[in-house]
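1. with the input below, show me the fold.
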Amino acid sequence: MNRKIWIFLCLIGLAGAVYWRLVATGRLADQVVITYYATAKDAPLSSKQYEDMVEVYHGCFEEARETNLRNYLKSKSQHESVLGNMNVDKRVEQIARDIRLESFQTFKERANIYIGMLQESVVGFYICNDDHALEDNGVMISTLCVDAQLRKKGLGSKLIQSAISNCRKEGRPLSLIVDSYRSNLISMYEHFGFVLREPEHPFPDDFDHFDKVYMRYEPKASVVPDSL
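-> Model prediction:
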């Protein structure tokens, strides 16, 4: 085959692959239906769907939670020895195991939850938290999560935009918290109009709030493309 023809065909094939990838990812996000439920247990999910949703939750937060828990316990521990670190690791392992065992039941009680469904599968969710410790009159977006296998397909952008629209209330600050070391997430939320601020009240002294930063919605930045 003529070299020029071969190169031309390769370029056509590459362009076609890129095009269909863009089309497919766009269609995927468009097909996700986000529905509000007063609590997660009110969602009409089968036992299997609910189990899958809890696994999506763990896929988003379990690793970061264990990291924060370990660092929190070490910051509170007066033991700097190897033995002390071993005890911390054992406590982290036990607490993480307990959280996982309890999560199937406790997740059902999550209130003001929006669940994203792609056909019969839970692919993401978020919560509008009207009652949190950092602002007296604030609303916080929490537990925003996208199935790890479906990221970079526009679902994250769709969930964030939905959360801003549904959680925002007139005259009340809208916020979220992020791990301080996750600069990629901080940058992503900045693109959607969230700004690093000091909260009205200090972070509680617990591992759920350990090493976090507070971000308030102040819509000045442009929205990122639908590629999250």
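2. so what touches stretch 57-68?
-> With C-beta atoms under 8 Å, 6 or more residues apart in numbering as the test, stretch 57-68 has contacts from 92, 96, 99-100, 103, 107, 125, 143, 145-148, 179, 182, 207-208, 210-211. In short, each C-beta sits where N, CA and C put it, glycine included.
3. find the nearest non-adjacent residue to Leu185, please.
-> Closest residue to Leu185 apart from its sequence neighbours, by C-beta to C-beta, 6 or more residues apart in numbering: Val178 at 5.0 Å.
4. so Ile115 belongs to a strand, correct?
-> Yes: checked against DSSP: H, G, I helix; E, B strand; the rest coil, Ile115 lies within a strand.
5. and for Glu63, the neighbour number?
-> By other C-beta atoms under 10 Å, 11 other residues sit near Glu63.
6. for it, phi and psi?
-> phi -60, psi -50 (degrees, to the nearest 10).
7. any idea how far Ala148 is from it?
-> 10 Å (C-beta to C-beta, to the nearest Å).
8. for stretch 206-220, which outside residues touch it?
-> 65, 68-69, 71-73, 75, 133-134, 164, 168, 173-181, 186, 189-190, 193-199, 203.
9. show me the residues you listed that map onto helices.
-> Secondary structure from DSSP state H places 65, 68-69, 71-73, 75, 164, 186, 189-190 of these in helices.
10. check those residues and tell me the two furthest apart.
-> Maximum pairwise distance among the ones in helices among the contacts of stretch 206-220 (C-beta to C-beta): 34.5 Å, between Leu73 and Ile164.
11. would you mind giving the domain segments of the chain?
-> 1-31, 32-217 (automatic domain parsing).
12. return the most buried member of the ones you listed.
-> Ranked by mean neighbour count under mean count of other C-beta atoms under 10 Å, the domains of the chain are led by domain 32-217, which reaches a mean of 16.
13. low-confidence stretches in this structure?
-> 1-26, 78-86, 221-228 (pLDDT under 70).
14. okay, helices next: where are they in it?
-> In the chain, the segments counted as helices under DSSP H are 3-31, 47-76, 82-106, 155-167, 183-191.
15. so for Ser121, which of the ones you listed sits nearest?
-> helix 47-76 (6.9 Å).
16. what angle do the closest one and helix 183-191 make?
-> On the basis of axes from the mean of the first three to the mean of the last three C-alpha atoms, to 10 degrees, helix 47-76 is oriented at 110 degrees to helix 183-191.
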